[in-house]
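Chemist: With the sequence up front, the predicted model follows.
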Amino acid sequence: LSVAAVMLLLTTILNVANYAATDADLRSTLQLISDNRGTIPLPEKPGDVPRLDRQPPEQSRADGDADPADDSRPGRNGSFTAETPYATRYFVLFYQEDGTLVRADLQNIASVTEADTAEYLAAAITHGTGYGSCGGYRFLVTRTEDGRSMAIFLECSQSRRAVRTVLVWSLAADAICTLLVLGLVVLLSRRAIDPVVRSAEQQKQFITDAGHELKTPMTTIAGFVDGILDGTIPEEKRNHYLKIVSQEVKRLSRLVKTMLDLSKIDSGEMKLRLTRFDLSNTVFVTLLSFEKAIEDKKIEIRGLETASSLFVDGDPDMIHQVLYNLLENAVKFTNVEGYIDIRLAETNDRVTVTIKNSGPGIPADEVAMIFDRFYKTDKSRSQDKNGMGLGLYIVRTIIRLHGGEISVSSVENEFCQFEFWLPKKIKDLNSDKGKDSKEPKDSKWNNPLKSDSKQVKTDKKAKKKEEADSAPEVIEVTDVEIVEKPKDDDAALH
């Protein structure tokens, strides 16, 4: 409605201005004819502008103006041209004070006869001195020098028709523009509102899911604890149920941590604790967190056989969370005996990590929404009962906090691939502890995978444990600090 009101206001202003300009032209023409005693003189020769007196000769000379025959005064002839005497249609009535018609000059009009003059004379007498309208004519009544009255009637039907045409077309344009604007507003507002509505729906779903997730483990914990306390659960089974209680507590902890992370993102409190660390080592250590799941599904790990140290500036804990979420999804949705391909590459100013897994992939119509908060694909809803649809949203937020970006590509029923890059250097690197952003020469990470390895196996860890026990000592790299470790500690990955 506001758009329609504004358009109507503009149309009204335009038409009022057009009418006022047209009426001003008619008044000017009437005044010029009156100044020239009811006539427009013909030009002396073709092409000349008619000589017009804007004032009676006596008044002009009394005011010190130039001679009336002088055409040099600027604007003397107003809007008149050489065609004006032939294009202007008018007639003049001269009459006494008592209303007696003295003379009717009808030589410049064809549509008015002597018989018609009575009607127009009555209109002029009734109106009196000044401008008026009668039918399709605009008229001016003035007093002449001899005391009689002169009524000049100017035919203005064409001018009024032009005004009406402008009015009709402007109203039509107003209606069309209003409809177009309303259409665009509806279209754009729908595009703007849809994400808000979708986010609200997802948030509503999140609250429902969160309530369920909180209620289920708490009910389980309360039931088993009460059973142990009142003796309902026999002593020989207590350990079994205590393990379940422990799992539910961890589940609660993960949910609370996710909600706290989301709160920090919304409030802008998620800050980076920057240091220099080896991204390759972080990738490998994170991958080993899923070693059992990888073995159970017989997943082949590719791409890490030739990986070497890649140092970047960043928050190691946050990047670990990024890799954990991405690898957890990869392991979860990879088909049995499928593969996970992990590649690390570097350029002059950035490091790129690509995680690709075989499996069902992501439907094409859901790829664009995969990083939205609270969003879960249909497959994810059926396979991931614990997820809240926030992991990838937090992943993208963390990567962007580091000045990087993440993208996803997928072919349904073939593969899904996440790729993100991080800058090697961050200008505002926190150096409060005096750490140098350049990695030490001896801090390179040793890849525990051999070049011919195809799958992560648990016996490698045991083998490295035996080798570590026989070695005099082992050096572990943590960020850029070198820490000596006693030989009896587990150094299989460092």
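Modeler: Received, thanks. Numbering: from 1, shown residues only.
Chemist: Now do the strands in this structure.
Modeler: Per DSSP state E, the chain carries strands over the ranges 90-95, 101-105, 130-134, 137-143, 149-155, 275-278, 300-302, 311-314, 339-346, 350-358, 405-411, 415-423, 474-478, 481-485.
Chemist: Distance from the chain centre to the shortest one, please.
Modeler: What it means is strand 300-302. Distance, stretch centre to chain centre, for strand 300-302: 42 Å (C-alpha atoms, centre = their mean, to the nearest Å).
Chemist: buried residues in that strand?
Modeler: Within strand 300-302, the residues that count as buried by 16 or more other C-beta atoms under 10 Å are Glu300, Ile301. For the C-beta atoms, the positions are set from N, CA and C on the backbone; glycine is no exception.
Chemist: Please name the strands paired to that strand in the sheet, noting orientation.
Modeler: strand 339-346 (parallel) (DSSP bridges).
Chemist: Give me the residues contacting the partner strand.
Modeler: 279-280, 283, 287, 294, 299-304, 307, 310, 327, 330-331, 334, 351-358, 424 (C-beta atoms under 8 Å, 6 or more residues apart in numbering).
Chemist: Now restrict those residues to buried residues only.
Modeler: Among these, those scoring as buried are 279-280, 283, 287, 294, 299-301, 303-304, 307, 310, 327, 330-331, 334, 351, 353, 355-358, 424 (criterion: 16+ other C-beta under 10 Å).
Chemist: How many residues are close by Arg417?
Modeler: Check again: residue 417 is Gln, not Arg. When neighbours are counted by other C-beta atoms under 10 Å, Gln417 registers 18.
Chemist: can you pull out the helices in the stretch 101-250 of the chain?
Modeler: Here the stretch 101-250 of the chain has its helices, by DSSP state H, counting those that start in this stretch, at 117-127, 157-229, 238-267.
Chemist: Highest mean neighbour count out of those?
Modeler: Highest mean neighbour count among the helices of the stretch 101-250 of the chain (mean count of other C-beta atoms under 10 Å): helix 117-127, with a mean of 16.
Chemist: any idea how far Arg190 lies from Ser199?
Modeler: Going from Arg190 to Ser199 by C-beta to C-beta, to the nearest Å gives 15 Å.
Chemist: Surely Ile426 and Leu274 touch.
Modeler: Yes: the pair Ile426 and Leu274 qualifies as a contact (C-beta atoms under 8 Å) at a distance of 6.0 Å.
Chemist: Could you dump the helices of the stretch 101-250 of the chain into TSV and include mean pLDDT and distance to Leu26?
Modeler: Formatted as TSV, the helices of the stretch 101-250 of the chain follow (pLDDT from 0 to 100; distance: least, C-beta to C-beta, whole Å):
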stretch	mean pLDDT	distance to Leu26
helix 117-127	91	16
helix 157-229	81	6
helix 238-267	78	67
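Chemist: Which one of these lies nearest to Ala5?
Modeler: helix 157-229 (9.5 Å; C-beta to C-beta).
Chemist: Give the other helices and strands that the closest one contacts.
Modeler: Helices and strands touching helix 157-229, as assessed by 3 or more C-beta pairs under 8 Å, 6 or more residues apart in numbering; DSSP states H and E, comprise helix 2-35, helix 238-267.
Chemist: chain center to it, what's the gap?
Modeler: Per C-alpha atoms, centre = their mean, the displacement of helix 157-229 from the mean C-alpha position of its chain is 14 Å.
Chemist: Residue ranges in the stretch 301-450 of the chain under the pLDDT threshold?
Modeler: 373-389, 428-450 (pLDDT under 70).
Chemist: could you redo the last one with a cut-off of 90?
Modeler: 303-309, 317-318, 321, 348, 360-395, 397-398, 401, 412-413, 425-450 (pLDDT under 90).
Chemist: show me where it has helices.
Modeler: 316-333, 378-383, 391-401.
Chemist: Tell me which residues are up against the longest one.
Modeler: Looking back up the chat, that one is helix 316-333. The contact list for helix 316-333 (C-beta under 8 Å, 6+ apart) reads 272-273, 275, 277, 279, 282-283, 285-287, 289-290, 293-294, 297, 299, 340, 353, 355, 357, 359-360, 379-380, 383-384, 391-392, 394-395, 398-399, 401-402, 416, 418, 420, 422, 479.
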